[in-house]
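Peer 1: Provided below are the primary sequence and the corresponding predicted coordinates.
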Amino acid sequence: MAFLGILVVPSNLMLSFLVSTRKLHDSYVIKRLQIPIIIGCGILFPLYDMPFHLMHLVMGSIVLFLMANALESFVMSHFSKIISKNLAHGVFNSGFLATEAGTFGRTVGNMLITSFGGGSAYSLQRALYGTELIGCAFSLSLVYCNTGF
């Protein structure tokens, strides 16, 4: 886990440098970052009942974790640009609301992991990454429908 944390800063710096030098819009980057997340979920999703190799799990986890962190930074950047100016002031400002939404999402995620954990490790992995794969594909389709190609 510490290794993943160490990889986050250089990957975000590299991605920020690429985006700033090419003058890419946040929505363009958001669309493109969701594709590696879907690939990472696909790597970790078990298609048949065989044990994974360690490298398989490590590579899928690295792709998924790094791209999810990078996606979060661009989503928050895009959110800060489109939020109403009325929500930028006061106690319940946009930063507080985004933090609370993230906390609520983590709580729901923890409850789902707990509820899925009643079976074997294989069924837990299928339930977690299958749900995430469907959610990411649905999110990507919503982004493409609302912003175009």
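Peer 2: Perfect, I can see it now.

Peer 1: so where's this protein shaky on pLDDT?
Peer 2: 49, 148-149 (pLDDT under 70).

Peer 1: again, only this time at 90
Peer 2: 1-34, 37-38, 40-61, 64-65, 68-103, 105-106, 109-133, 135-137, 139-149 (pLDDT under 90).

Peer 1: before we move on, what SS does the residue in it sticking out farthest from the centre have?
Peer 2: In the chain, counting by CA atoms, centre = their mean, residue 90 sits farthest out from the average C-alpha position, at 28.8 Å. Under DSSP: H, G, I helix; E, B strand; the rest coil, the three-state class of residue 90 is coil.

Peer 1: mind checking how far it is from residue 97?
Peer 2: Distance of residue 90 to residue 97, given as CB to CB, to the nearest Å: 11 Å. Placement of C-beta: from N, CA and C, glycine included.

Peer 1: Ok, residue 48 next?
Peer 2: Residue 48 is 43 Å from residue 97, by CB to CB.

Peer 1: Show me which of the two is the more surrounded one.
Peer 2: Using other CB atoms under 10 Å, the more surrounded residue of residue 48 and residue 97 is residue 97, with 13 against 5.

Peer 1: where's the more buried one, which helix or strand?
Peer 2: Secondary structure from DSSP states H and E places residue 97 in helix 94-116.

Peer 1: Please point out which parts of that helix sit buried.
Peer 2: For helix 94-116, burial by neighbour count (16 or more other CB atoms under 10 Å) applies to 94, 116.

Peer 1: Leaving aside the residues adjacent along the chain, what's closest to the residue sitting nearest the centre point of the chain?
Peer 2: Note on the chain: the residue nearest the mean C-alpha position is residue 68, at 3.1 Å, using CA atoms, centre = their mean. Nearest residue to residue 68, sequence neighbours excluded (CB to CB, 6 or more residues apart in numbering): residue 37, at 5.9 Å.

Peer 1: Identify the residues contacting the one you found.
Peer 2: Going by CB atoms under 8 Å, 6 or more residues apart in numbering, residue 37 touches 63-64, 67-68, 71, 136.
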